[in-house]
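*Asks:* sequence-free structure coming up:
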């Protein structure tokens, strides 16, 4: 069965366009309603704001398998030990051409649990004077999605986890999707440690992405990375540097490497 190469994250928009614009109503932490161009709550890594990333680039697993902002609506809430989000979205972001919009909609359910204290989506931003800083804590998350794409449907799931204690934080995520006879699987793990409390964090990355389980694909890759982030005293500014290696799973090509430096200001 031929499946068009239009998936959840393949649609691209050129030029300036709106990414996030929405209206919301929330009578409390347990329930809220959002509508507009929203971040799709699929997976752990995609939920982190761009300025709060631990490394200056997202993993290939994340960019190939999860969308970023899409027009739609969602309900979400925080019940303390359990958080939830349920939403329906279009397949194309605001400003995409009609030929890339697909059929839609994209339906997503995400559940996450924090059995021992708060963790959140950006646990590395927890400061050392936080009451929970010295405790070991972890979170687990489950994401389910279904989308009606041109030619066939796509559905899948994601599992993620975080473990934090003091200066140490490790995050991990596995994603799987199925479309026609086409299966994708991706895995990324990012351990890190603050070598200078609240100011300098070192983070490593290991990722593995199989774009088409079974037949060999040039998009199947493994990758590694190592980077550091220097935070200002108030965390409003940060400078990041990292070096990445990536190579096809086939092993026929030598790994390619590149360095990235990024300066971010968070208001």
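*Replies:* Sure thing, it's come through. Keep in mind that what you see is a predicted model, and the values were worked out from it rather than measured.

*Asks:* Poorly predicted segments of the stretch 1-150 of the chain, please.
*Replies:* 1-7, 10-17, 95-103 (pLDDT under 70).

*Asks:* So which residues of it form strands?
*Replies:* Taking DSSP state E, counting those that start in this stretch to define them, one finds strands in the stretch 1-150 of the chain at 21-28, 31-39, 69-78, 82-89, 106-113, 136-149.

*Asks:* Turn those into TSV, columns for distance to residue 49.
*Replies:* No exception for glycine: its C-beta is placed from N, CA and C like everyone else's. What follows is the strands of the stretch 1-150 of the chain, written out as TSV (distance: least, CB to CB, whole Å):
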stretch	distance to residue 49
strand 21-28	15
strand 31-39	8
strand 69-78	11
strand 82-89	16
strand 106-113	16
strand 136-149	17
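
*Asks:* Dump the ones you listed to a markdown table, plus mean neighbour count and distance to residue 9.
*Replies:* Shown next, in a markdown table, are the strands of the stretch 1-150 of the chain (neighbours: other CB atoms under 10 Å; distance: least, CB to CB, whole Å):
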| stretch | mean neighbour count | distance to residue 9 |
| --- | --- | --- |
| strand 21-28 | 11 | 20 |
| strand 31-39 | 17 | 13 |
| strand 69-78 | 19 | 10 |
| strand 82-89 | 19 | 12 |
| strand 106-113 | 20 | 11 |
| strand 136-149 | 18 | 11 |
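
*Asks:* Residue 123: which of those is closest?
*Replies:* strand 136-149 (7.9 Å; CB to CB).

*Asks:* how far off strand 136-149 does the helix or strand just after that closest one point, in degrees?
*Replies:* Sequence-wise, the next helix or strand downstream of strand 136-149 (DSSP states H and E) is strand 152-165. Strand 152-165 runs at 170 degrees relative to strand 136-149, counting by axes from the mean of the first three to the mean of the last three CA atoms, to 10 degrees.

*Asks:* what angle do strand 152-165 and strand 106-113 make?
*Replies:* Going by the same axes, to 10 degrees, strand 152-165 makes 20 degrees with strand 106-113.

*Asks:* Check what contacts the helix or strand encompassing residue 193 and list those residues.
*Replies:* Residue 193 is located in strand 182-196, with elements delineated by DSSP H and E. With CB atoms under 8 Å, 6 or more residues apart in numbering as the test, strand 182-196 has contacts from 3, 45, 54-55, 59-62, 64-65, 124, 156, 167-178, 200-214.

*Asks:* where's residue 177 relative to residue 154, distance?
*Replies:* Residue 177 sits 6 Å away from residue 154, going by CB to CB, to the nearest Å.

*Asks:* Repeat that for residue 226.
*Replies:* According to CB to CB, residue 226 stands 33 Å off from residue 154.

*Asks:* Between those two, which is the more surrounded one?
*Replies:* residue 154 (22 against 14; other CB atoms under 10 Å).

*Asks:* residues touching that one, list them.
*Replies:* With CB under 8 Å, 6+ apart, residue 154 has these contacts: 7-8, 146-147, 177-179.

*Asks:* Spatially nearest residue to it (excluding sequence neighbours)?
*Replies:* Nearest in space to residue 154, with sequence neighbours left out and distances taken as CB to CB, 6 or more residues apart in numbering, is residue 179 at 4.0 Å.

*Asks:* Residue 224 now?
*Replies:* In space, and not counting its chain neighbours, residue 224 is closest to residue 245: 5.0 Å by CB to CB, 6+ apart.
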